[in-house]
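Colleague: Requesting a structural model of the entry that follows:
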Amino acid sequence: MSSDLRISGASPNSRSESDIRVSYHNTRKIIAASNDLGASSQAQFFSSDRGETWGQSSLPLALADAFHSDPAVDWTSDGTAWSITLGIQGFQVRLRAYRSADGGATWSFDSTPSGGQTNTDREIMWVDHSPGSPFRDQIYATWHAGVPAFVARRTTGAGAAWQAPLQVSGAETTGTAIGGDIKTNSAGDVFVFWPEDGGGQGIHVAKSVDGGASFGTPVTIATLYASHRQVSIPADTVPHRLARVYISGGAYKTASKDLVYAIWTDLSGQPGCTTGQGPGSNVSSACKSRIWFARSADGGATWSSPVKINDQPGKNDQFHSRLCVDETDGRLVVVYNDSAGDPGRLKTDIWMQHSSDDGVTWSPAVKVTSAQTDETVPGAQSFGYGDYLGLSGYAGTYFPCWTDRRSGGPEEIWTRRIVLRKPGHGCTGKISGVIYDHFGDFEGFVLEADHDHDDHHHSEHHYGQHHHERHQPGGHYHGDHHDHGDHHHEDCHRRFYSREKAMAELAHHAWQHRLRVTVYPSDTDPDRPHSITIHQPPAPYPS
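Modeller: Numbers count the residues shown, from 1 in each chain. Now for the predicted structure:
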């Protein structure tokens, strides 16, 4: 992983609730957004260098809106960035869609997807990114208006426009359908998910096979333990927002698979923790919150029994989970807040887990953040963590975004690039240069990846990020290419870092003799070489 990075810029205003999306068609470009609790308009963030640096902008208010809330972002394949927000005028709340033609630097109003509704809340959006889908580039949004859940779609082509909202929930939903999600698979099937606030305490999904023109009968995924959409835990209790029982979904389809996934926060389900709102401020309570997961192997028709993906024995609390399905290979990645690093259950970090077997098993949790956040101390904004965080990824590289208060000042939005390689795969090519620190000691090498022989099968070359922070001051580089900032070469030049003597000797030898090699990264650090294989007989090598 790279270093975690503030993307919201320097501001006296607190930020909370965020969404983020990598452009699948140009992975250098990323957009994100959050609430700006000190301003009337939605804060927008953008990067054109794979998240190395970030700019900030905002949505203009439209049609007499007084302020914005609840950010959502995505991209269409023509390079247009999209953002949706709630436009609020007194007690009237509508969905507003915006678009950007310059990667998120400036924004213009597009339309009102919610039509004539004036009581909308907690929307989220998704674009059908699949090249093989008959509905590629259609935009979908889901929200609730009172109890029911609704979906709207923006069609493509010459007559592209937002269509009238459809109600997707029915008699199965008796509690407010707040906190939903919407996703598509490679065939263009649409899945809309929502939980109930109270009522029957169900989590439901409805499917469309005609690009969102109609939806089938909802299917119940699971029944919640929590009796309310707000779970009270020591890290997020009154007077703050409380942890939300929101659902994050995903879908993945190939010739042999038709998978749909759901992940959410709920009580642990252990004795004494099967109903109600959780432990509240009682740090000694045995009741705790956990992240739950369920999967369907038949396109959402039937579902597995829910499981906890990381059921630690301690009294820590997990909340605000977000799921990403990598559309290149089906890998699942989940991030969430967890107070595991604080026995007092008040300070939290962001943690990550992933699955390479369609959610059957999950990796151990890995901490993403390098500093904790405590929203219980004096000076913290009452909005606190908000209701959710963000996550996006493609071809092995993932970007979460979250509310962060490590500074002790206003809440900020941070991210971190996470790179996951396929187990057992390496990167093949020729070593084009050797890196030294300012003392002249070996620090690593640059591999000029041979795309035709890349063992990552069209995904490893996306991992060629530049990690400038790994260089010592005054460090230098010996090799064939010297322009470290040239992002046109990022896809074929990947840096590996090591100070091992044996690795230095192999790298020097392969560089001097222009030998083709495969570099196998470490399982725990994709930028550190575990081993090197030479693919042609070398010249005599000194012992």
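Colleague: For the residue nearest to the spatial centre of the chain, which residues are in contact?
Modeller: What sits nearest the mean C-alpha location of the chain, by C-alpha atoms, centre = their mean, is Leu391, with 1.1 Å. With contact set as C-beta atoms under 8 Å, 6 or more residues apart in numbering, Leu391 has these partners: 20, 322-324, 333-335, 398-401. In this view, the C-beta of every residue, glycine as well, is placed from N, C-alpha and C.
Colleague: Bridging across strands, which residues link to it?
Modeller: Bridge pairing for Leu391 (DSSP bridges) gives the partners Pro400.
Colleague: Can you tell me which of the contacts of Leu391 is nearest Ser304?
Modeller: Within these, distances to Ser304 taken as C-beta to C-beta reach their minimum at Leu323, with 14.9 Å.
Colleague: what's the burial count for Cys401?
Modeller: As a burial measure, Cys401 scores 28 neighbours (other C-beta atoms under 10 Å).
Colleague: next one: Ser3
Modeller: Other residues near Ser3 come to 10 when the count uses other C-beta under 10 Å.
Colleague: Wait, a strand at it?
Modeller: No: with the criterion set as DSSP: H, G, I helix; E, B strand; the rest coil, the secondary structure at Ser3 is coil rather than a strand.
Colleague: Check for me that Ala502 belongs to a strand.
Modeller: No: according to three-state DSSP, the state of Ala502 is helix, so it is not within a strand.
Colleague: on that earlier part again, just the buried subset of the contacts of Leu391, please.
Modeller: Buried positions within the contacts of Leu391, assessed by neighbour count (16 or more other C-beta atoms under 10 Å), are 20, 322-324, 333-335, 398-401.
Colleague: For Ser14, state which of these is nearest.
Modeller: Each of those was scored against Ser14 by C-beta to C-beta, and Cys401 proved nearest at 15.2 Å.
Colleague: what about the closest one, distance to Trp82?
Modeller: Between Cys401 and Trp82 the distance is 17 Å, computed by C-beta to C-beta, to the nearest Å.
Colleague: likewise Ser339?
Modeller: According to C-beta to C-beta, Ser339 stands 34 Å off from Trp82.
Colleague: Which one's more surrounded, the two?
Modeller: With neighbours defined as other C-beta under 10 Å, Ser339 and Trp82 compare such that Ser339 has more, 27 against 23.
Colleague: which ones are touching that one?
Modeller: Taking C-beta under 8 Å, 6+ apart, we find Ser339 in contact with 233-235, 316-317, 345-348.
Colleague: Kindly report the same for Gly341.
Modeller: Applying C-beta under 8 Å, 6+ apart, we find Gly341 in contact with 347-349, 367, 372.
Colleague: got it, and Trp82?
Modeller: When contacts are counted by C-beta under 8 Å, 6+ apart, Trp82 touches 73-76, 97-100, 110, 125, 127, 139.
Colleague: Please repeat the previous calculation with a cut-off of 10 Å.
Modeller: Taking C-beta atoms under 10 Å, 6 or more residues apart in numbering as the contact definition, Trp82 lies against 21, 31, 72-76, 97-100, 104, 107, 110, 125, 127, 139, 141, 154.
Colleague: before we move on, what about Ala371?
Modeller: If a contact means C-beta under 10 Å, 6+ apart, then Ala371 has 4, 347, 349, 404-407, 414 as its contacts.
Colleague: Quick check: it vs Thr403, distance?
Modeller: Distance, Ala371 to Thr403, using C-beta to C-beta: 13 Å.
Colleague: just Val22 next, same as before
Modeller: The separation that Val22 has from Thr403, given C-beta to C-beta, amounts to 20 Å.
Colleague: who does Val419 bridge with?
Modeller: With beta bridges defined as DSSP bridges, Val419 has these partners: Thr397.
Colleague: Burial check on it, number of neighbours?
Modeller: Residues near Val419, counting by other C-beta under 10 Å: 19.
Colleague: from what I can see it touches Ser522, true?
Modeller: No: between Val419 and Ser522 there is no contact, the gap being 11.5 Å when judged by C-beta atoms under 10 Å.
Colleague: hmm, back to that, put the buried members of the contacts of Ala371 into a PyMOL selection.
Modeller: For the buried members of the contacts of Ala371, the matching PyMOL selection, counting by 16+ other C-beta under 10 Å, is:
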select buried, resi 4+347+349+404+405+414
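Colleague: just the contacts of Ala371 now: which is nearest Gly55?
Modeller: Checking the contacts of Ala371 one by one against Gly55 (C-beta to C-beta), the nearest turns out to be Trp414, at 15.5 Å.
Colleague: Using the record's assignment, carve this protein into domains.
Modeller: For the chain, automatic domain parsing gives the domain ranges 5-419, 427-534.
Colleague: The shortest one - what's its average pLDDT?
Modeller: Confidence over domain 427-534, taken as the mean pLDDT, stands at 66.
Colleague: Ok, the first one next?
Modeller: Here the mean pLDDT over domain 5-419 is 97, rounded to a whole number.
Colleague: ok, back up a step: out of the contacts of Trp82, which are buried?
Modeller: Buried members of these, counted by 16+ other C-beta under 10 Å: 21, 31, 72-76, 97-98, 100, 104, 107, 110, 125, 127, 139, 141, 154.
Colleague: Which of those residues fall within strands?
Modeller: Secondary structure from DSSP state E places 21, 31, 72-75, 97-98, 100, 110, 125, 127, 139, 141, 154 of the buried ones among the contacts of Trp82 in strands.
Colleague: sorry, back to before: tell me, what's touching Ala371 and Thr403 both at once?
Modeller: Counting by C-beta under 10 Å, 6+ apart, the shared contacts of Ala371 and Thr403 are Trp414.
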